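**Q** whatever this is, show me its structure:
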Amino acid sequence: MGRVFVAGSINMDVVAMADRHPRIGETVAGKAVGYFPGGKGANQAVAAAKLGAPTTLIGRLGNDAFGDQLKTFLAAQRVDLTFVRETAGVHTGTAIITVASADNTIVVVPGANASVTPADLEAPALARGDIAVSQFEIPLPTVSAFFKRARAAGVKTILNPAPAIEVGAELFDLVDILILNETELGLLAGTELRDTDDPARLIAAARSLQTGPKIICVTLGKRGALALVDGETLVIAGRAVKAVDTTGAGDCFVGAVAAQLAGGKSIGDALAYGNVAASICVQRMGAAPSMPTSAEVEALLSH
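**A** Predicted coordinates:
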């Protein structure tokens, strides 16, 4: 079995729960507050590890209480932290999240995540059969350096371009699988998209990006997902569940796909598996703590 290497962010999520989101300039009363391990890199690594893949996380933490708590949590999920470094003088990454009616708004303060450098990616030994995963909560030059190393080692790369920012073709040329939601797709394709849009419109936008990534998967929440694989459209049907907190659902999908590919599964099977895993994730509070186990996913798949 191959391994999953995730280069990415590690955050503490401070989550406020309310009946609705405040309007600009408005204060609303919250119902509760929680502290949950998160960060797109950590979420994806935890998802992959809990779904059975040997998983290594590469990133940075501050030398503070949040950093200590996150290390303890990640180690308990069997994520290899050999290449997670402490950075003096900066705080651990923090996300301020408001959850209302299962939807969320998020403000991310990078902290130590902004200090992840290409040099941090030099030590991990990548080998053919491994999967390299990254996102945009660490500096782009670091993501590029990671994927260049992966390509040189014959390792498949997965990019989750979130938070969405415009990037050049040079980075996209290093991506084998692009996994993104409709908002991120719209920004990269230069058009405004919604998860309610007709599938044909979403696929057309995805095709406009295919000069780089070989496979593009658009996650659509309760509507499932659409993918372009070898020029053909693949539809992954949605699952009807009662969502509690959608934070981390996309990361769960990415980590699940990476774990399945590391285990030798086909891209179609991996995407279907990721969709089931994400449907479990949204039924729980928090990001990293909501990631399902392989036993939970297999139980749903067997029905």
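
**Q** surely Thr92 and Leu70 touch.
**A** Yes. Contact criterion C-beta atoms under 8 Å: Thr92 and Leu70 qualify, at 6.6 Å. To be clear about C-beta, it is placed using only N, CA and C from the backbone, and glycine gets the same treatment.

**Q** joint contacts of these two?
**A** Here Thr92 and Leu70 share the contacting residues Ile10, Asn11, Met12, Leu61, scored by C-beta atoms under 8 Å, 6 or more residues apart in numbering.

**Q** most surrounded residue in these?
**A** Compared across these, Ile10 has the highest neighbour count, 36 neighbours, by other C-beta atoms under 10 Å.

**Q** just the pLDDT at it, thanks.
**A** Confidence at Ile10, expressed as pLDDT, is 98.

**Q** from the shared contacts of Thr92 and Leu70, pick the one nearest Gly41.
**A** Ile10 (5.9 Å; C-beta to C-beta).

**Q** so how far is Arg60 from Lys71?
**A** Lys71 sits 12 Å away from Arg60, going by C-beta to C-beta, to the nearest Å.

**Q** any common contacting residues for the two?
**A** Joint contacts of Lys71 and Arg60 (C-beta under 8 Å, 6+ apart) are Val84.

**Q** who has more neighbours out of these two?
**A** Shown here are Lys71 and Arg60; by other C-beta under 10 Å, Arg60 has more neighbours (26 against 18).

**Q** list the contacts of the more buried one.
**A** With contact taken as C-beta under 8 Å, 6+ apart, Arg60 is in contact with Ile10, Val84, Arg85, Glu86, Thr87, Ala112, Asn113, Ser115, Val116, Asp120.

**Q** restricted to buried residues, select those in PyMOL.
**A** Buried members of the contacts of Arg60, defined by 16 or more other C-beta atoms under 10 Å, are picked up in PyMOL with:
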select buried, resi 10+84+87+112+113+115+116+120
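
**Q** quickly find the element holding the residue nearest the centre of the chain.
**A** Residue closest to the average C-alpha location in the chain (C-alpha atoms, centre = their mean): Asp251, at 2.8 Å. For Asp251, the element it lies in under DSSP states H and E is helix 249-262.
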